[in-house]
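Q: make a model of this:
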Amino acid sequence: MIKRLSHFLLLALLPFAGASCAGRMNVTEKMMWSTYPLATFKGAATGFVINHRDPGAPGGKVPVVFTSVHVLETMGKGPLIIGFRIPDAAGEARVALLAFIPPQTTGKKKFYVRHPDFDIAAFALHIPAEIAARADVPSCLNENSLSRDGKALHVGEEVSFLGYPEVLPGTDGAFPLLRSGRVASYPLGTSQAHGRFLINSDVYPGDSGAPVFVNKTGSRPELVGMIIQRVSPKVSDFSHFAVAVDTDVIRETLALVQASENRLAPAVPSPSPKPAP
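A: Now for the predicted structure:
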């Protein structure tokens, strides 16, 4: 069972004007607003948010954060620092830091779920109402943003990803850096691919958790994967090849979050039978 995230500290309070994915943003800009820097005292990574439909949640959605397992495992007793971008009245990004200290757990219980086979983790971000009134988690992604399956990609196809490489960890407004490359492995989306594919592009420490997407015509982002690893002789080196998991793996991880959330939901007691008149 996963405990709800309740140990929050908003390190910077800023005017909050709300966020919108409408307007004149292109696909890449929408992805930028959906991607966030994550850090612990021992490491840093990239995360992105998918808004999961939940009729019982404020606004009918719960933000679910995806990132790499290996960074969350460095938390210890915390905190996990999440860098938020809050749009002001002029639509410009203001940066706020949200610190989460995980609740004390015993055994193998974690505040996040992890895929059983891959370095991908996710957790639902239940921000307390008093903080949510001042800080939202803007994202233009939902379940419909996931590509149909891993077979939607083809070798040689150009894909893009957004991350926070340690050589240049972000820009003003805490926006990630864009890179692109071509799908370098074959086959894709089959049992032989094992849920992974390679991208021919420069990738650095800090890029773990970066969302991979295709920039086709249209205004809706299409998420096709997440960076989980660099192919490099040394852990600290950058690489010309990135390993990504496909959307089937992301969808499976989201299902694990949903299952955990369902276990957390309080049971609704059956109405007591009325006494006979």
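Q: from here on, just use CA atoms for contacts and neighbour counts.
A: OK.
Q: surely Ile50 and Asn144 touch.
A: No. At 9.7 Å, Ile50 does not count as touching Asn144 under the criterion of CA atoms under 8 Å.
Q: in which helix or strand would I find Ala255?
A: Assigned by DSSP states H and E, Ala255 falls within helix 247-264.
Q: which elements pack onto that helix?
A: Packed against helix 247-264, as judged by 3 or more CA pairs under 8 Å, 6 or more residues apart in numbering; DSSP states H and E, are the following elements: strand 113-114, strand 121-124, strand 222-230.
Q: give me the distance between Phe241 and Asn200.
A: Phe241 is 5 Å from Asn200, where distance means CA to CA, to the nearest Å.
Q: mind listing residues that contact the helix or strand in which Asp202 is found?
A: If you go by DSSP H and E, Asp202 is part of strand 196-203. The contact list for strand 196-203 (CA atoms under 8 Å, 6 or more residues apart in numbering) reads 159, 165, 179-186, 188-189, 230, 238-246.
Q: the chain - how does it break down into domains?
A: The chain is divided into the following domains under automatic domain parsing: 8-143, 144-251.
Q: so which of these gets nearest Glu261?
A: domain 8-143 (8.0 Å; CA to CA).
Q: show me how far that closest one is from its chain's centre.
A: How far domain 8-143 lies from its chain's middle: 7 Å, per CA atoms, centre = their mean, to the nearest Å.
Q: using PDB, write down the CA coordinates of stretch 112-126.
A: Backbone C-alpha positions of stretch 112-126 (Å, rounded to 0.1, in the frame of the first residue of the first chain) are rendered in PDB as follows:
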ATOM      1  CA  TYR A 112       5.800   5.300  -5.300                       C
ATOM      2  CA  VAL A 113       5.300   2.300  -7.500                       C
ATOM      3  CA  ARG A 114       8.000   0.900  -9.700                       C
ATOM      4  CA  HIS A 115       7.700  -1.200 -12.800                       C
ATOM      5  CA  PRO A 116       8.900  -4.800 -12.000                       C
ATOM      6  CA  ASP A 117      11.200  -4.900 -15.000                       C
ATOM      7  CA  PHE A 118      12.400  -1.400 -15.800                       C
ATOM      8  CA  ASP A 119      13.900   1.700 -14.100                       C
ATOM      9  CA  ILE A 120      10.700   3.700 -14.200                       C
ATOM     10  CA  ALA A 121       8.700   4.800 -11.100                       C
ATOM     11  CA  ALA A 122       5.600   6.900 -10.700                       C
ATOM     12  CA  PHE A 123       3.600   8.400  -7.900                       C
ATOM     13  CA  ALA A 124       0.300  10.400  -7.500                       C
ATOM     14  CA  LEU A 125       0.900  13.900  -6.300                       C
ATOM     15  CA  HIS A 126      -1.900  14.700  -3.800                       C
END
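Q: between Ile50 and Asn144, which one's more packed in?
A: Each of Ile50 and Asn144 has its neighbours counted (other CA atoms under 10 Å); Ile50 has more, 26 against 14.
Q: name the SS class of the more buried one, please.
A: Under DSSP: H, G, I helix; E, B strand; the rest coil, Ile50 falls in the strand class.
Q: bridged to it, which residues?
A: Taking DSSP bridges as the rule, Ile50 bridges to Val64.
Q: which parts of the stretch 101-250 of the chain are strands?
A: Using DSSP state E, counting those that start in this stretch, the strands assigned to the stretch 101-250 of the chain run over residues 113-114, 121-124, 158-163, 177-183, 196-203, 211-214, 222-230, 239-246.
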